[in-house]
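Novice: return a 3D structure for these sequence lines:
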Amino acid sequence: MKLFKKKATKNPAISTQRYVDVDSVKDNVIILKNGSLRAVLMVSSINFDLKSAEEQDAIIASYQNFLNSLDFSVQIIVNSRRFDINPYLKMLREKEMLQENELLKMQIAEYHDFIKSLVDVSQIMSKMFYIVVPFYPVENKKGGIIDRITNVIMPEKKFIFNKEIFETYKNQLWQRVEQVQTALNGTGIRMVLLKTDELIELLYNSYNPSLERYSTLKDVDKLDFEI
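Specialist: Have a look, this model is predicted:
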């Protein structure tokens, strides 16, 4: 005779998904549960302090024109992550083992130890910059904190798009992306639209920050930019 009956446990994924606004990712677009769409631009940085006074004024004027040209909201995200130096250290060890010159071999070993001690003492961070471009099927549906609480208690009905409607909304989203890219060209930054697999990786790292240091999104300098 069993004295205790094992209590049924709920699937944690089901209970936590109600707090996540993302419904799916397809065709390089993030689809939210409220039916709105998001495109994400990965942007490079510029060293503003190294620019001349004339260049700084030009960048400020270009950015001001960018803000004034927008008739919709955008979100600018700065993502800081701990720099993973292990692949570089591994490469140095491999170079050291293959080196036949004893002097160069010793110098590589010393350089390896210096880099490792430097990283151990100070946490080196890298920053990634993103611009999130939205499209709402109903633009005036913003929603406040009361709406957010209500959506947690009583989740919104999932929006189901047919192919024609989704393509229409996606084309309008791309028009906004092109507007942002064109307006920011004068600032000197480079931009690239994240694809589906890169969006999934970005979302995964955002919702799993403790594992983010072990996942590496493509370096902005290695992506193909559209200017």
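Novice: element containing the residue nearest to residue 207 when sequence neighbours are not counted, please.
Specialist: Residue nearest to residue 207 in three dimensions, not counting chain neighbours: residue 20, with 7.0 Å by C-beta to C-beta, 6 or more residues apart in numbering. From N, CA and C alone the C-beta is placed, and that goes for glycine too. Assigned by DSSP states H and E, residue 20 belongs to no helix or strand.
Novice: buried sites along the longest helix along the chain?
Specialist: In the chain, assigned by DSSP state H, the helix with the most residues is helix 163-184. Within helix 163-184, the residues scored as buried using 16 or more other C-beta atoms under 10 Å are 166, 169, 170, 173, 174, 176, 177, 179, 180, 181, 183, 184.
Novice: relative to residue 103, which of those is nearest.
Specialist: Using C-beta to C-beta, the shortest approach to residue 103 within those belongs to residue 184, at 49.1 Å.
Novice: identify the residues contacting the residue nearest to the closest one when sequence neighbours are not counted.
Specialist: Excluding the flanking residues, the one nearest residue 184 by C-beta to C-beta, 6+ apart is residue 66, at 5.4 Å. By C-beta atoms under 8 Å, 6 or more residues apart in numbering, the residues touching residue 66 are 180, 183, 184, 186, 187.
Novice: and residue 65, by the same measure?
Specialist: Shown in contact with residue 65 (C-beta under 8 Å, 6+ apart): 183, 186.
Novice: again, only using 7 Å
Specialist: Listed by C-beta atoms under 7 Å, 6 or more residues apart in numbering, the contact set of residue 65 reads residue 183.
Novice: re earlier: who does the longest helix of the chain touch, helix- and strand-wise?
Specialist: strand 37-43, helix 53-69, strand 125-135, strand 191-193 (3 or more C-beta pairs under 7 Å, 6 or more residues apart in numbering; DSSP states H and E).
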